[in-house]
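1. Task: produce atomic coordinates for the following.
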Amino acid sequence: MTLPSKIYEASLRLITPHPASAHPNEQSTHRSTFPGRVVHSREYRRATDYAGKTVLVIGSFSSGSDIARLVAGLNVSHYNPDGSPLNGHTPPLPYTKVYQSTTGTTNKANVEDPSTAWWPYIHKLPMIHHFEPASDAHPRGRIHFKGDPPAHVPVDDVDVIIFCTGYNNALPFAKAEDYPWKEHRVLEQSIRAEERQGGDEWEAGGLRGLYMRGLDPMLVFLENDRSIAFVGLRESRSRSPSTELTDPAYSIVPFPFSEVQARLVAYHWSNLITLPKLLSPPLNKYNKYFDPITRTTPGLPNGTSPDGVAPDLAGSNEAVAKVRFSLANRREFVFPHPYEWEYCDYVFDLLRPAERADVPPSWRGVEEWRRAKRGDEGLRKRTLGY
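-> Numbering: from 1, shown residues only. Below you'll find the model as predicted:
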């Protein structure tokens, strides 16, 4: 059977890199010696899956704060912080012990508040130094912590570790030796074969990393090639006069922003608009994590190299406290409030010549109520209680 052939004017690829779990360095921590269960926050489903266990949550930003709060919250109204039942009653679930290992920094939306009901049930720990293998004396092994002398005695009762350590961007189909990725290395690392076992071996050799590079000024199209587009690559953060590098505030609302970028790509690819040869979005003057002139991250020792790879901060608590490694790498992709709206307004201006009369107002610009609510840093606390 001979299939009919067709000649196409262009091949268009709209790409959203999928998240690949990021874990601490295996060789330096000996994590594989831990005999219990190890999961990443992307695998978390519900707190009751961990009822009755001793859980170590690693990380203190969005996923780490939320998961520690939810799992520790199983004990609220049923147990005292030491694990004894309240008022002698028989609780519906067994006591769940929760450790949380952090750098000491957190995000403003999840600022630690001792007055919250779950606070007494979370045992704070410093950063992990290494894992000790299981033995007759310690059948669940021991976990040691950083510090000289160590800031905490080792713990030996952990059943489950939940890594809330963020994500790498991954393009498993984009092999480093193939066109156009050979000429446009948009991610700095490659997926190793040993990272993809159990059915995902085909992903080996694909690109992965924290920092997307080689994109146009809109951070959407591949540089010098608008037939390839990446949508939704940004970190969104609230801004206030009190916000410093040590306390960035998360406030991520990814889907409306991604829809705006997707419309820009769709209008361009369908020839509804003619984009200028050089796109010039507004200057992101709110971003404290990237200087576009020096291409470095202020406050980070030794800066960052032009390819976006930050120095190894594993042994420097002081450096980690100044600026998070992931932010140093994502750099110009940090969109603090209100830059998100300035960027979107620029995109809406590009789309306006092609807008039909029946397009609803919400598709013509950023609604005023959305601007007001995103600028209200106390909204989440008042609404959700944390």
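
2. For Phe145, grab phi and psi.
-> phi -120, psi 160 (degrees, to the nearest 10).

3. That one: neighbour count?
-> Counted with other Cβ atoms under 10 Å, the neighbours of Phe145 add up to 17. Glycine gets a C-beta too; all of them are placed from N, C-alpha and C.

4. in the stretch 1-150 of the chain, which ranges drop under the pLDDT threshold?
-> Scanning the stretch 1-150 of the chain for pLDDT under 70 picks out 1-29, 104-112.

5. Please name the residues that touch Ser101.
-> Taking Cβ atoms under 8 Å, 6 or more residues apart in numbering, we find Ser101 in contact with 56-59, 125-128, 145.

6. which of the residues you listed lies closest to Ala357?
-> Relative to Ala357, the closest of these is Gly59; by Cβ to Cβ it sits at 48.9 Å.

7. where's Ala229, which helix or strand?
-> Applying DSSP states H and E as the criterion places Ala229 in strand 225-230.

8. Which positions within that strand qualify as buried?
-> 226, 228-230 (16 or more other Cβ atoms under 10 Å).

9. Now do that strand, average pLDDT.
-> Mean per-residue pLDDT for strand 225-230: 90.

10. Closest one of the contacts of Ser101 to Leu272?
-> Closest to Leu272, out of all of the contacts of Ser101 and judged by Cβ to Cβ, is Gly59, at 43.1 Å.

11. surely the closest one meets Tyr99?
-> No. Counting by Cβ atoms under 8 Å, Gly59 sits too far from Tyr99 to count as a contact (11.9 Å).

12. For Phe34, the count of nearby residues, please.
-> 21.

13. What are the phi and psi values at it?
-> Dihedral angles (degrees, to the nearest 10) for Phe34: phi -70, psi 120.

14. how about the nearest residue to it, chain neighbours excluded?
-> Phe131 (5.0 Å; Cβ to Cβ, 6 or more residues apart in numbering).

15. ok, now how distant is the most centrally placed residue in the chain from Gly64?
-> The centre of the chain sits closest to Gly166, judged by Cα atoms, centre = their mean, with a distance of 4.5 Å. Taking Cβ to Cβ, to the nearest Å as the measure, Gly166 falls 9 Å from Gly64.

16. Equivalent analysis for Glu201, please.
-> From Glu201 to Gly64 the distance is 30 Å (Cβ to Cβ).

17. coming back round to it: go ahead and report the secondary structure state at the residue nearest to Phe34.
-> strand (DSSP: H, G, I helix; E, B strand; the rest coil).

18. Now do the helices in the chain.
-> 26-29, 62-72, 254-269, 317-322, 325-330, 339-351, 368-374, 379-384 (DSSP state H).

19. Pull the distance from the second one to the chain's centre.
-> Mean-position distance between helix 62-72 and its chain equals 15 Å (Cα atoms, centre = their mean, to the nearest Å).

20. Give the buried residues for that helix.
-> Quick answer for helix 62-72 (16+ other Cβ under 10 Å): 62-72.

21. Counting by contacts, list what that helix packs against.
-> strand 54-58, strand 97-101, strand 122-125 (3 or more Cβ pairs under 8 Å, 6 or more residues apart in numbering; DSSP states H and E).

22. The longest one too?
-> Under the contact criterion of 3+ Cβ pairs under 8 Å, 6+ apart, helix 254-269 touches helix 339-351.

23. buried residues in the helix it packs on?
-> 339-344, 346-348, 350-351.

24. Out of the residues you listed, flag the one nearest to Leu187.
-> Using Cβ to Cβ, these come closest to Leu187 at Tyr343, 22.5 Å.

25. Tell me who's in contact with the closest one.
-> 281-282, 284, 335.

26. which among these end up buried?
-> 281, 284, 335.

27. Can you tell me the closest non-neighbouring residue to the first one?
-> To tie it back to what came earlier, the one meant is Pro281. Tyr346 (5.0 Å).

28. so the one you found touches Pro276, yeah?
-> No. Judged on Cβ under 8 Å, Tyr346 makes no contact with Pro276 at a distance of 11.5 Å.

29. where does the stretch 151-300 of the chain have low pLDDT?
-> 197-199, 234-253, 291-300.

30. That one: strands as residue ranges?
-> For the stretch 151-300 of the chain, applying DSSP state E, counting those that start in this stretch gives strands covering 160-163, 167-175, 189-190, 206-209, 221-222, 225-230, 235-238, 249-250.

31. Look up phi and psi at the residue lying closest to Ala262 once chain neighbours are set aside.
-> Distances taken as Cβ to Cβ, 6+ apart place Val231 nearest to Ala262, at 5.2 Å, with adjacent residues excluded. Note on Val231: backbone dihedrals following degrees, to the nearest 10 are phi -110, psi 140.

32. Around Val231, count how many other residues there are.
-> For Val231, using other Cβ under 10 Å, the count is 20.

33. between the buried residues of strand 225-230, which is nearest Ser115?
-> After measuring those against Ser115 - Cβ to Cβ - the closest member comes out as Phe230, at 42.1 Å.

34. That's all I had, so thanks and see you.
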